[in-house]
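> Quick one, what's the 3D model for this:
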Amino acid sequence: MQRKVTKAIFPVAGMGTRFLPATKSVPKEIMTLVDRPLIQYAIDEAREAGIKEFIFVTSRGKSALEDYFDHAPQLEQTLREKGKTKLLEELERSNMESGSIAYIRQHKALGLGHAVACASRLMADEPFAVILPDDVIAGEVGCLKQMVDAYADTGGCMVAAMEVPHDKASSYGVLDVKEDMGSLVSVKGMVEKPAPGTAPSNLAVIGRYILTPQILKNLASQQSGAGGEIQLTDAIATEVAKDAGVYGYRFQGQRYDCGSKAGFLQATVAFGLARDDLQDELSNYLEELIASRRAAQ
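Residues are numbered from 1 along each chain as shown. The predicted structure is shown next:
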């Protein structure tokens, strides 16, 4: 029986330059998707998957992120006095209990692998998850919960994976598939951002991982890879070479790249249309907007 995955690392040290000037004073992870910040979607997904300890790898200028997860006694009391029970319940979802959350500083932007390695002192000899909040995944069952359930049978390392257009594969880490078993694939290789036309498949790695403690040992001795950074993909590829069991998991759900402006806008529309209190007004607006654009052409 595999050990349960109860810890997750959230690498949130990036500067969010693609969203300047908004991210000059607001961490990208706090930017609002409908009425919840990006990081809340990641936390909710982690909680559904059974995560109990949350480790954030941050950098200078992320104090608003830490404040977001703190209790707000005065605001809570005001809502309670005014009988705004629903709002109070929504607010309480953002609270994190003392001891369940930790913050580690990444002082230099040396890549995703380096960010994960920064949290190594808080990890015991246990499997752990990594969640990239930029990747927001909508589904009936959270992506990480799907992976945790599959991991109970496979063990090893597991990455979330999805099919991408062949001409987009060079923007991702890409899997070289050993055996395709449907939702699961066994992996014989991984390539980080392959040169155009050289990708071994169009099955791309998305920002959800379940990793063994050996990955942290690999990162500790790893040299810089693509872009001069410590690549998490390279540390996982080392396990592939040892035939230690590395799997890709085709998750059920729609992924939105909220690290890009277009992806963030697409997610905003999709999540808005999924809300009972917003869908009618929003869909009517979109229909009118599309009709007026077509008429103008």
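
> Which stretches in the chain count as strands?
7-11, 32-33, 36-37, 53-58, 101-105, 128-131, 135-138, 157-163, 173-180, 184-192, 203-211, 246-250, 254-257 (DSSP state E).

> Determine which of those approaches residue 71 most closely.
Residue 71 lies closest to strand 101-105 among the strands of the chain, at 12.0 Å (Cβ to Cβ). Glycine gets a C-beta too; all of them are placed from N, C-alpha and C.

> If I follow the layout properly, residue 161 ends up in contact with residue 246?
No - Residue 161 is beyond contact range of residue 246, at 11.2 Å (criterion: Cβ atoms under 8 Å).

> any idea how far residue 172 is from residue 234?
Per Cβ to Cβ, to the nearest Å, residue 234 is found 15 Å from residue 172.

> Check residue 63 too.
The value you get for residue 63 to residue 172, if Cβ to Cβ is used, is 32 Å.

> of those two, who's got more company?
residue 172 (21 against 11; other Cβ atoms under 10 Å).

> Isn't the more buried one up against residue 202?
No - using Cβ under 8 Å, residue 172 makes no contact with residue 202, being 9.1 Å away.

> Please identify every residue contacting each of the two.
Taking Cβ atoms under 8 Å, 6 or more residues apart in numbering as the criterion, residue 172 and residue 202 both touch residue 164.

> that older thread, residues shared between the contacts of residue 161 and residue 246?
In contact with both residue 161 and residue 246: no residue, using Cβ under 8 Å, 6+ apart.

> who are the neighbours in contact with residue 205?
For residue 205, the contact set (Cβ under 8 Å, 6+ apart) comprises 159-161, 172-175, 190, 233, 248.

> Buried among these? Need that as a selection in ChimeraX.
Command for ChimeraX that selects the buried part of the contacts of residue 205, burial taken from 16 or more other Cβ atoms under 10 Å:
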select :159,160,161,172,173,174,175,190,233,248
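
> With respect to residue 278, which of the contacts of residue 205 is nearest?
residue 160 (28.0 Å).

> Could I get the contacting residues of that closest one?
137, 143, 147, 205-209, 248-249, 251.

> Tally up the residues packed near the closest residue to residue 213 other than its chain neighbours, please.
Among residues not flanking residue 213 along the chain, residue 125 sits closest, at 5.1 Å (Cβ to Cβ, 6 or more residues apart in numbering). Number of residues near residue 125 (other Cβ under 10 Å) recorded here: 9.

> just residue 101 next, same as before
Residue 101 has 16 nearby residues by other Cβ under 10 Å.

> Just list whatever residues bridge to the closest residue to it other than its chain neighbours.
Spatial nearest neighbour of residue 101, excluding adjacent residues (Cβ to Cβ, 6+ apart): residue 54 at 4.7 Å. Residue 54 forms beta bridges with residue 8, residue 101, as assigned by DSSP bridges.
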